[in-house]
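K.L.:
no sequence on this one, just coordinates:
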Ligand SMILES: Nc1ncnc2c1ncn2[C@@H]1O[C@H](COP(=O)(O)OP(=O)(O)O)[C@@H](O)[C@H]1O
Ligand SMILES: Nc1ncnc2c1ncn2[C@@H]1O[C@H](COP(=O)(O)OP(=O)(O)O)[C@@H](O)[C@H]1O
Ligand SMILES: Nc1ncnc2c1ncn2[C@@H]1O[C@H](COP(=O)(O)OP(=O)(O)O)[C@@H](O)[C@H]1O
């Protein structure tokens, strides 16, 4: 069991959600975050000065899924979240040892 | 060492906190999130149309604890967060390799 | 590959960010959270009564980095986030199995 | 026509108009984030429906020619015969009087949304408020201000202690009993989602109340001045009282301060044109204490009259309406209260209070029951859980 | 000088002043969090620049001695010769008239920021608004209110249906075409970030509109009273209409309710001093339907006139300005409309509407093009992506 | 009694009342989230305590019969002898004058909370403000407006440049020195938590200032009109100046724009009834530059007078009070300034400014020290760290 953590553009959330839903991936937890990637954000010209806007608003999606589903989830997110421009975000995969449904107590 | 991640109903937070405190579990990090489970949220009837409210507000609790404490934490959360209705949430357990206290530098 | 999760004082974020940047650590995801440590927050005297303010505002930083960088990251955060008073926060290290850049698809 | 009087009542009309969204903001800050839009929307719904109905027929019911002391006739339906000339006996155009009075009806309906916050079905609220305006508000306005039986009896209500505050406060109590508690009310504490918004709402209410009470002189004169001074004094002193009580029991919360202020404002409303500043002190202190106790009682009885329209407006209105009979001084406006040896006025006030409390409570209860049976006053449990913003408006307050 | 009239127009000036930040809040709630500050800042920028220019020369262009029906002369530059004495033919000091009129110019510029929200370069907006005030607003004010050719023709505009709403609405349309769509407009839905803020803005607009239309009587009299009553009625009924349409198509959103209200307010503006309450009902209903359809049309055509100044103010202003010619009743203010058999007024109104729509659209388009070519009306794609708060102000709305 | 004058001063009273929560919102947006409630609560605390004390005795201290030019006597304690009839020499009821003046005292106390933001103990603030009202505000009001020694000397203060702005500004400086810097002030930058809230507060301040300065004519006449026009002009031009300075140094922040506007408003306050619109231009430009420099100086000196009451109100008030002596023109209000060859007025103004700056600073310092020694002006470090909302009110602004 894995947790797929994807940090994407906020405006892509709807798109990613729909794409995942089509693949039958429904459960997820979404958090508003701020982030900066290796480009250190966007550089704005201002007179002679240059200001760097790091810490742009991003959306973090966490999905816990079985090992087999992970690749499909990654692909789906990649396809639905990509614009090809800097700032598209990252996907991380973390191991999960246990997953319990509070309502039923069932371990999945 | 593990990280117990629980996604619960926001209104259950106080209750869960108290229950954990009674078991001596004090340290925790809490995040406001939105989430959707396998039921894809709540369906509302509206005329002929049906609207689905996915992405309900949830509260995420992260607790890093020693391996032995994990079961007790899970049980305590289960008991204090359950209503028996859809949307009660999930608990995930992730492995943690290291935990450091910033103030003292001690590794625990 | 690891994910370093640090929960720090919000007012220390700028300082930590700069310290990390100097070490070449740029990518990170930041979340506003609330937390309570082992001290169960701050106790305020009020008449005969004592109120406990748990759940103080904290900032969570997540950095995914290669195994070798982890120690340096921990040290850097420790040095830049520490005030020596209760509430300085914690650092956790979690294993990461995979990290993908959405823009390019490259796995790192 | 006096242009100064007209200027003041036009300005007062605007001030009172702003109080209705003020109530919306005041209430909205105290509910949960998922109902934030709905709570303000209800105030706008009150504004738009009552505005139209007032012009259509409710003004006529309230201020048309008296029919056996009970109600006005249909003479002013669709403002027939209401023109640019002075209203009878006044120095302001009749149309100014119409719209100034309209704003009182509007805010009264907005106040009672306290009782049904976070759980009312929008369509049912609209139906209820139409019925309530017709069968409770319009009669009350007629009885006290339109020459109805209470006026004939000698009861007075300067700016709406009875017509606005008792009516909405006791209607709120009735509604709360019919609609029932919010889901979770007995299980966990329901916290205000935005305290600054509530404070902003309170600020707009205090601001508007200068027009509410000051404008009720229907002229820009010494009486208006007196009303404004005693209004401000009562609000301030009641806020201090509530703050002190809060301090004794814990910390002086800002919500307590402004709740006290509103209590003081509601209580002085019926009295603002009859008492002087010393009377205002006593009325304010009484309002602070009584409304606090009423709120405390309501909470201990676990009644979910959620935002305390009953405790603050209802009880504040009762106290102020009785206080007129005690503290009225003739220097302000001819009337003399018990303290100066006249028991007549108090007698009339007691009758008026008892009659209106009973009528407001019973008729509101019946209307609420009818609406509940016919179309359901309350949303489903699911709709309540996801919040009224999504379920009633398909909107999200903050993204 | 009449102190009552002066009191009312001073109060109205304050009311109209507050509408400009009201527009800012109304708009800001509907944009994304990253542009929240900018949207309110644009309203303050309109306030400060137009205030200064009005005193410097724009008042003179609008209300100076008529030069061939087209523009005012320079007689009042820097308020030369404008004193504490009454304005000619009025019972209020000339300076009161100056500042009351100023606030109309201020808000008109604020309204058109709808079209360029979330993407305009601050410096270019300043330049554009200076040009636009000079070449569109001042002439319009002169034509209708300063004794210009449309006034001579017999066209009327009580409180700015043409001068304020047609001008800003059609300027917004032109601007939107020149500046282009917001990044992402065709890809994802751009959601309001703070609905309560928009509702607060709407409340301040409604509140201020009492001074906007009521004050346009330039006296505290029956005409002012009529204006206030019909204004409130039109707003309420249009809000109900929009709400019903929303209900038919889905859920009745709060943004729909207040959009309807603003449509009703815009539409009644030119008519408030000429029609009675029955006329207001018809105008309000028409405004609700027409402005909704216009918004729908705009969305279907994928025009990013982002916050619907065109659909609401532009179309509302057109409808109201024509409606004057139909529903004017002489009991209110001498003028008689088509319904009572007089076609002259409608003829003049049709000419005025056609002329001003064309002029506003074309000249705004040209001015926008010029500014765009010379200095670029729009920020860079990166600046737009990170948001105008950071890129134009180096500020973050909420931390 | 003149009904028009009364209408205008009643409306102005409401306008000035709203400025106090306006200050609260303005300040609250600039502090951190954990102190958001407290900052608004302090404005309400000013409102409720000063309201009561004003009626009880402070009005009498300020406007009672002059005792050797220093203070008023006790003749009006509890508004004894203050009735519905006209105030002496005025055309408005005495009670209107009382409450209009009250609102000035209220806001002055609210302004000085700038200095102690995010760290003051609520109880100590209450004690301090009672002392300060008694020993600083009431004497100042008496000296300038109640027939005290400065008035006899020939000094003028139209709407409170000295009484309100110098007094609160220099009190803030003194308080800031006594109470010390906020924890972390020298380590990290303390960011505004809600810029739109600050802009809303600024909007309410600008709006209310029309009543503040316009109402100070104490009548609805040409003088009031002049006051409103120059007030708006000075605000606008100072905002533009501050914006330009911001642009030169970086980006033109919205907070800079509104800070400039408040500076312009504060500076024109003492002059609004004495200068014409040309004078207003100069005063506004001066205010923009001087107050910006003062703020800059304060920051460079690392003085944590947190929200710049000193730089904006204090320095703005000094500048405006001196400017009266330079730019007064007799067409407005008899008085003539230096530019027209009269040095007398400037002399009186210089004496008044020096005396009041010194008195306000020294007495505030002493009072602050006393309160600090007796009960501690400041919360503990822990309470400050968790924030005043929790530690003083047990409330959380947003959930
Ligand atoms: N090393 C990292 N650790 C944690 N989060 C990261 C890391 N790198 C990037 N992110 C997250 O991903 C987001 C997008 O990354 P970015 O580098 O901008 O994408 P791109 O690879 O296209 O440049 C960042 O805003 C941040 O939230
Ligand atoms: N697969 C998943 N990955 C991540 N989070 C999940 C997953 N499934 C559920 N969640 C989180 O748990 C919350 C509650 O889940 P839900 O399915 O509604 O509970 P139930 O199992 O009672 O239906 C969701 O809102 C979401 O935040
Ligand atoms: N066991 C834990 N699990 C998860 N988060 C924790 C844990 N302990 C502490 N934290 C987080 O770290 C923050 C600071 O911890 P704290 O105990 O106050 O530091 P200190 O060790 O200096 O007392 C807490 O507010 C909480 O967010």
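P.N.:
Cool, got the structure. For clarity, every value in this text was computed on a predicted model and none was experimentally measured. Ligands and ions are numbered 1, 2, ... in the order given.
K.L.:
how about the strands of chain D, start to end?
P.N.:
Secondary structure of chain D (DSSP state E): strands at D:66-67, D:71-72.
K.L.:
quick one: contacts for the spatially closest residue to residue D:224 that is not a sequence neighbour?
P.N.:
Spatial nearest neighbour of residue D:224, excluding adjacent residues (Cβ to Cβ, 6 or more residues apart in numbering or on different chains): residue D:217 at 3.8 Å. To be clear about C-beta, it is placed using only N, CA and C from the backbone, and glycine gets the same treatment. Neighbour list for residue D:217: D:223, D:224, D:227, D:273 [criterion: Cβ atoms under 8 Å, 6 or more residues apart in numbering or on different chains].
K.L.:
do residue D:167 as well
P.N.:
D:108, D:136, D:137, D:140, D:356, D:360.
K.L.:
tell me how far it lies from residue B:32.
P.N.:
According to Cβ to Cβ, to the nearest Å, residue D:167 and residue B:32 sit 40 Å apart.
K.L.:
now residue D:326
P.N.:
Counting by Cβ to Cβ - residue D:326 and residue B:32 are separated by 52 Å.
K.L.:
up against chain B, what does chain A have?
P.N.:
A:3, A:17, A:21, A:26-31, A:64, A:94-103, A:105 (Cβ under 8 Å from any Cβ of the partner chain).
K.L.:
please check those and keep the buried ones.
P.N.:
Using 16 or more other Cβ atoms under 10 Å in any protein chain shown as the burial test, the residues of chain A next to chain B include A:3, A:17, A:26-31, A:64, A:94, A:96, A:98-103 as buried.
K.L.:
among those residues, name the ones in strands.
P.N.:
Those of those lying in strands (DSSP E): A:3, A:28, A:29, A:30, A:31, A:64, A:94, A:98, A:99, A:100, A:101.
K.L.:
now the residues you listed as JSON lines including distance to residue E:85 and pLDDT?
P.N.:
Output for those, formatted as JSON lines (distance: Cβ to Cβ, whole Å; pLDDT from 0 to 100):
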{"residue": "A:3", "distance to residue E:85": "78", "pLDDT": "98"}
{"residue": "A:28", "distance to residue E:85": "71", "pLDDT": "95"}
{"residue": "A:29", "distance to residue E:85": "70", "pLDDT": "97"}
{"residue": "A:30", "distance to residue E:85": "66", "pLDDT": "97"}
{"residue": "A:31", "distance to residue E:85": "65", "pLDDT": "98"}
{"residue": "A:64", "distance to residue E:85": "79", "pLDDT": "97"}
{"residue": "A:94", "distance to residue E:85": "79", "pLDDT": "98"}
{"residue": "A:98", "distance to residue E:85": "86", "pLDDT": "96"}
{"residue": "A:99", "distance to residue E:85": "82", "pLDDT": "96"}
{"residue": "A:100", "distance to residue E:85": "83", "pLDDT": "96"}
{"residue": "A:101", "distance to residue E:85": "81", "pLDDT": "95"}
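K.L.:
and the residue of the stretch 1-150 of chain D found nearest chain B, what does it touch?
P.N.:
For the stretch 1-150 of chain D, the nearest residue to chain B under the criterion Cβ to the nearest Cβ is residue D:34, separated by 7.0 Å. Shown here is residue D:34, whose contacts under the criterion Cβ under 8 Å, 6+ apart are B:57, D:386, D:387, D:388, D:389, D:390, D:397.
K.L.:
thought the second one was touching residue B:54?
P.N.:
Just to be clear, that refers to residue D:386. No - between residue D:386 and residue B:54 there is no contact under Cβ atoms under 8 Å: 10.1 Å.
K.L.:
circling back to that earlier point, can you list the strands of chain D in JSON lines and add mean pLDDT and mean neighbour count?
P.N.:
Shown next, in JSON lines, are the strands of chain D (pLDDT from 0 to 100; neighbours: other Cβ atoms under 10 Å in any protein chain shown):
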{"stretch": "strand D:66-67", "mean pLDDT": "97", "mean neighbour count": "16"}
{"stretch": "strand D:71-72", "mean pLDDT": "98", "mean neighbour count": "22"}
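K.L.:
tell me which of those strands lies nearest to chain A.
P.N.:
strand D:71-72 (54.8 Å).
K.L.:
quick one: neighbours of residue D:187, just the number.
P.N.:
12 (other Cβ atoms under 10 Å in any protein chain shown).
K.L.:
residue D:174: what's it in contact with?
P.N.:
Taking Cβ under 8 Å, 6+ apart, we find residue D:174 in contact with D:115, D:360, D:361, D:362, D:364, D:365, D:368.
K.L.:
now, which of the ones in strands among the buried ones among the residues of chain A next to chain B sits nearest chain D?
P.N.:
Using Cβ to the nearest Cβ, these come closest to chain D at residue A:30, 12.3 Å.
K.L.:
if the closest one is in a bridge, with which residues?
P.N.:
residue A:61, residue B:34 (DSSP bridges).
K.L.:
quick check: it touching residue B:35?
P.N.:
Yes - contact criterion Cβ under 8 Å: residue A:30 and residue B:35 qualify, at 6.5 Å.
K.L.:
what's the overlap in contacts for these two?
P.N.:
If you check residue A:30 and residue B:35 against Cβ under 8 Å, 6+ apart, the residues they both contact are residue B:55.
K.L.:
neighbours of residue D:233, how many?
P.N.:
28.
K.L.:
my bad, residue D:343
P.N.:
Residue D:343: 12 neighbours (other Cβ under 10 Å).
K.L.:
kindly report the same for residue D:74.
P.N.:
For residue D:74, using other Cβ under 10 Å, the count is 14.
K.L.:
pLDDT at it, what is it?
P.N.:
Reading off the confidence values, residue D:74 has pLDDT 97.
K.L.:
measure the closest residue to it other than its chain neighbours to residue D:148 for me?
P.N.:
Spatially, and ignoring its direct neighbours in sequence, residue D:74 is nearest to residue D:60 (5.5 Å; Cβ to Cβ, 6+ apart). According to Cβ to Cβ, residue D:60 stands 14 Å off from residue D:148.
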